[in-house]
Each structure stands twice: as C-alpha cells, then as structure tokens.
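>>> Okay, predicted coordinates and the sequence, questions at the end:
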Amino acid sequence: AMAQEALGSAGLHFDELNKLRVLEPEVAAQTAQLREDCRAFLDKTAEFQKIVSGFIEVVDQLAKAAESEKMKAIGARNLLKSITKQREAQEQQLRALTAEKKMQLERYRIEYETLCKIEVDQNEFIDQFIFQK
C-alpha cells in the first residue's frame, strides 16, 4: 500500500489487471467513456447530416417541379392571351366586313328603288305612247 502511495504521488497507478498506468483508473474509465460518447455523438451527427442532405434534395426537387409547373402555367396563359387577341382581331375584321356589306346593301336598295321609279316612269311613257296612236 505504501508503494502504491509512493507511485500515486509520482503520478503512476495500477489498474484492475495490475498494469502500471499514468492515469488513475477512474480518470482512465471516464476518458474511455468520453471517447465512446464522442463516437456516438459523431455517428448521430453524421446520420443527422445524411437526413438533412436527403431533405435538401427533396426540397430542391420540389422547387424544380414547382418552377416547371409555373413555366407551364405562364406558357398556357400566354397562349390564351394570344388566342384572345387573334379572336378580337377576327371579330374586328368581321365587324368591318359586316359594316361594308350593310353599306353595299343600302346602295343596292337605293339603286333598286331608283330603277323601280324609272320602270314606272317608262311604263307610263309606253302607255301614253300606245294610247296616242
């Protein structure tokens, strides 16, 4: 026991297998436990890193999918605007054509009325000419 105290004061200790150690057995056990705790912590940290990487990958894929859908929606909206403009242009053309045809119809109506008057006048003239003979 005296030898152990002398060695202990010199910083040397015997472990449970009676091997000579620099650290006290309790400190050595705590150090080993701390090493195990650190390994477990590092393992958990690595696992957490994997989970985070997987999560980031999924979020990136969702962002790309959302961007793709947004582009499709913008394309569809632009196509719809284009179709709407084409329809408006066609409608304006048809309105102009309708107005032109109405004016033509009015000219024909006036011409018809004039020709009817001329026909009546000519028939009267013919009748007068025949009765004079």
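Structure received.

>>> any chance you could map the strands in the protein?
Counting by DSSP state E, the chain has strands at residues 13-14, 20-21.

>>> among the ones you listed, which gets the worst mean confidence?
Among those, strand 20-21 carries the lowest mean pLDDT, a mean of 63.

>>> Contacts for stretch 40-48, please.
Here stretch 40-48 makes contact (Cβ atoms under 8 Å, 6 or more residues apart in numbering) with no residue beyond itself. From N, CA and C alone the C-beta is placed, and that goes for glycine too.

>>> and the residue nearest in space to the middle of the chain, how far is that from residue 54?
The residue lying closest to the centre of the chain (Cα atoms, centre = their mean) is residue 70, at 2.4 Å. Using Cβ to Cβ, to the nearest Å, we find residue 70 at a distance of 25 Å from residue 54.

>>> quick check: mean pLDDT across the longest helix along the chain?
In the chain, taking DSSP state H as the definition, the longest helix is helix 25-132. Averaged over helix 25-132, pLDDT sits at 95.

>>> For residue 113, give its distance to residue 127.
Counting by Cβ to Cβ - residue 113 and residue 127 are separated by 21 Å.

>>> again with residue 46
Following Cβ to Cβ, the distance that separates residue 46 from residue 127 is 120 Å.

>>> so how far is stretch 103-120 off the chain centroid?
64 Å (Cα atoms, centre = their mean, to the nearest Å).

>>> Using CSV, list the CA coordinates for it.
Extracted in CSV, the C-alpha atoms of stretch 103-120 (Å, rounded to 0.1, in the frame of the first residue of the first chain):
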residue,chain,number,x,y,z
MET,A,103,-73.4,49.9,-96.8
GLN,A,104,-73.4,47.9,-100.1
LEU,A,105,-76.9,46.6,-99.3
GLU,A,106,-78.1,50.2,-98.7
ARG,A,107,-76.6,51.3,-102.1
TYR,A,108,-78.3,48.4,-103.8
ARG,A,109,-81.6,49.2,-102.1
ILE,A,110,-81.4,52.9,-103.2
GLU,A,111,-80.4,51.7,-106.7
TYR,A,112,-83.4,49.3,-106.8
GLU,A,113,-85.8,52.0,-105.7
THR,A,114,-84.4,54.3,-108.4
LEU,A,115,-84.8,51.5,-111.0
CYS,A,116,-88.4,50.8,-109.8
LYS,A,117,-89.2,54.6,-110.3
ILE,A,118,-87.6,54.5,-113.7
GLU,A,119,-89.6,51.4,-114.6
VAL,A,120,-92.9,53.0,-113.5
